[in-house]
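*Asks:* Requesting a structural model of the entry that follows:
(one chain, ligands or ions: 1)
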Amino acid sequence: MGINTFPENFLWGGAVAANQCEGAYLEGGKGLSVQDVLPHGLRGARTEEPTPDNLKLKGIDFYHRYREDIKLFAEMGFKVFRTSISWPRIFPEGDEEQPNEEGLLFYDNLFDECRKYGIEPLVTISHYETPLGLAKKYDGWRSRKLVDFFERYCRTIFQRYGKKVKYWLTFNEINSLIHAPFMSGGIITPKEKLTEQDLYQAMHHELVASALAVKIGHEQMPDAKIGCMILGITAYPLTPDPDDIIATMMKDRETLMFADIHARGKYPVYLTNMFAEKGIRIQMEPEDKELLKNTVDFISFSYYSSICQTVHSELGIDTGGNLSRGYKNPYLKASQWGWQIDPKGLRYTLNKLYDRYQLPLFIVENGLGAVDELITLENGEKTVEDDYRIDYLRQHLLQAREAIHDGVELLGYTSWGCIDLVSASTAEMKKRYGYIYVDRNDDGSGSFERYRKKSFYWYKKVIESNGASLDEAIG
Ligand code: BGP
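*Replies:* I've put the predicted structure just below:
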């Protein structure tokens, strides 16, 4: 391998999640998921029933158009495609004894379609789509019972897809449970009524379930690679004040504690001490300690931006944003949604994680959510001239390459929302990430037609050249 290249078998691709693209929310025997009653993402309240303003109910109609979409991914040269299995397609209420065959068949076909083009599926087992039945009956992951239902779900899908899927992720952004208990953990009790004890207990259940998935996954599929997935928010000190350094270390731990447990197989001392200080007592079952020792094969994470930390709140400006907030970095620009753009932070994050765990890493989300304008070229082709997106992705990939040069073992890169989809935090269509434009709008209008953006051709070239074309200026 040359100095400035990506490894030979680097897994180039893109990522989506079932709930943000499939639609068909009641087809094929699917039950409701928490997303079906969250029409406005994290911005608005949960509804009692699905409402027509919820764009996720139809998504981008991927359920019916996946063949066309995978063909487009293949045209770009994807080596890997990350998606999730919608848990309520397999177990509609979550607690059934037997799975829903029609749901299983859908993913059989989807993975076969990927394989047809030599695309490796990378599957998230739980991506913010806990069956609503489990939320209503058990208060989601607050209940230990969820570990059993999750185990049944994992055994079912490992058994069924073990020969088609090699790469698995347990919980999407597992650390988000603390910030978004309903969306991330199916916890129906309002956030303001939850104590830290409640949240960390739910977190413990997910961590045990994640380790159990690794254990049974390895037993059922000896060649499988199973990773955790962390919301990769990197914090910098706003000033050199040693108190800001410590504040930053504490902020980072909010993220790293999840990777620590997945990679080291036990709770770190700083966390158990924090529990003791706060009087938090985690109810553990006798087998939990042993179970947690089933550590992951690799660490995957999402990376969009970085934040600053400071004890001098008068010096900083709140970043706003969704899941993890901090202070603005005066050296960085932000996206239209206020997410600070920091490509070098990706190199830093990769190095930090690799130095800490010495495990292979996988960037499974990264990208720019932006408003796109569909235009018609002289030859009649419809497209989007998204140089801003190309620039964002190019800068990040160049930094990923630097990290590889630093010695980081990086398995692959799946940019987020490789085809436009409904956003998670705000449930909008106009926040687009894709290489492929989908004619679908916030008011529910649109034909669902697909169009290649300028970034489509750009990414195709990046993959074809295994990253060498990143050195070219944007044409
Ligand atoms: C992550 C989620 C994704 C995704 C992404 C972008 O937190 O794992 O599901 O959507 O963020 O966020 P948004 O869709 O809110 O722009």
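*Asks:* Could I get the full set of strands for the chain?
*Replies:* 11-15, 80-84, 120-126, 167-171, 225-231, 234-237, 298-302, 306-309, 361-365, 375-376, 382-383, 410-416, 436-438, 450-452 (DSSP state E).
*Asks:* and the angle from the fifth one to strand 410-416?
*Replies:* Looking back up the chat, that one is strand 225-231. 50 degrees (axes from the mean of the first three to the mean of the last three CA atoms, to 10 degrees).
*Asks:* Could you do the first one as well?
*Replies:* Between strand 11-15 and strand 410-416, the angle comes out at 30 degrees (the same axes, to 10 degrees).
*Asks:* hmm, who's touching strand 11-15?
*Replies:* Residues outside strand 11-15 that contact it (CB atoms under 8 Å, 6 or more residues apart in numbering) are 73, 76-83, 119-120, 122, 362, 364-365, 411-419, 435, 462-463, 466. C-beta coordinates here come from the backbone N, C-alpha and C atoms, glycine included.
*Asks:* Would you tell me whether it gets close to the ligand?
*Replies:* No - Strand 11-15 lies out of reach of the ligand by CB under 6 Å from any ligand atom, never closer than 8.2 Å.
*Asks:* So in that sheet, which strands flank that strand, and in what orientation?
*Replies:* strand 80-84 (parallel), strand 410-416 (parallel) (DSSP bridges).
*Asks:* Pick the most buried one from the ones you listed.
*Replies:* Looking across the strands paired with strand 11-15 with neighbours counted as mean count of other CB atoms under 10 Å, the highest average goes to strand 80-84: a mean of 26.
*Asks:* Please see if that strand touches the ligand.
*Replies:* No - judged by CB under 6 Å from any ligand atom, strand 80-84 stays clear of the ligand, getting no closer than 8.9 Å.
*Asks:* Quick one: distance of that strand to the chain centre.
*Replies:* Centroid separation for strand 80-84 versus its chain: 10 Å, with CA atoms, centre = their mean, to the nearest Å.
*Asks:* Contact residues of this protein facing the ligand?
*Replies:* So the chain meets the ligand at 17, 172, 173, 302, 365, 369, 416, 423, 424, 425, 426, 431 (CB under 6 Å from any ligand atom).
*Asks:* Now the first one: closest residue in space, sequence neighbours ignored.
*Replies:* I take that to be residue 17. residue 127 (4.1 Å; CB to CB, 6 or more residues apart in numbering).
*Asks:* pLDDT value on that neighbour, please?
*Replies:* At residue 127, the pLDDT value in this model is 98.
*Asks:* Now do the phi/psi pair for it.
*Replies:* Dihedral pair for residue 127: phi -120, psi 80, per degrees, to the nearest 10.
*Asks:* which residues touch it?
*Replies:* 17, 18, 19, 84, 172.
*Asks:* Where neighbours are concerned, which of those residues has the most?
*Replies:* Counting neighbours by other CB atoms under 10 Å, the top entry in the contacts of residue 127 is residue 18, with 29 neighbours.
*Asks:* Give the buried residues for the longest helix seen in the chain.
*Replies:* Identified as the longest helix of the chain according to DSSP state H is helix 196-220. Going by neighbour count (16 or more other CB atoms under 10 Å), the buried part of helix 196-220 is 198-218.
*Asks:* starting at the chain centroid, how far to that helix?
*Replies:* 17 Å.
*Asks:* Per-residue pLDDT of the residue most central in space within the chain, please?
*Replies:* Centroid-nearest residue in the chain: residue 172, 4.8 Å away (criterion: CA atoms, centre = their mean). pLDDT, residue 172: 98.
*Asks:* wouldn't it be in contact with residue 128 here?
*Replies:* Yes - the pair residue 172 / residue 128 is scored as a contact, 6.0 Å apart, by CB atoms under 8 Å.
*Asks:* who touches both of the two?
*Replies:* Common neighbours of residue 172 and residue 128 (criterion: CB under 8 Å, 6+ apart): residue 17.
*Asks:* Count residues in the vicinity of the closest residue to residue 54 other than its chain neighbours, would you?
*Replies:* The spatial neighbour of residue 54 that comes closest, neighbours along the chain excluded (CB to CB, 6+ apart), is residue 39 at 3.7 Å. Using other CB under 10 Å, residue 39 has 20 neighbouring residues.
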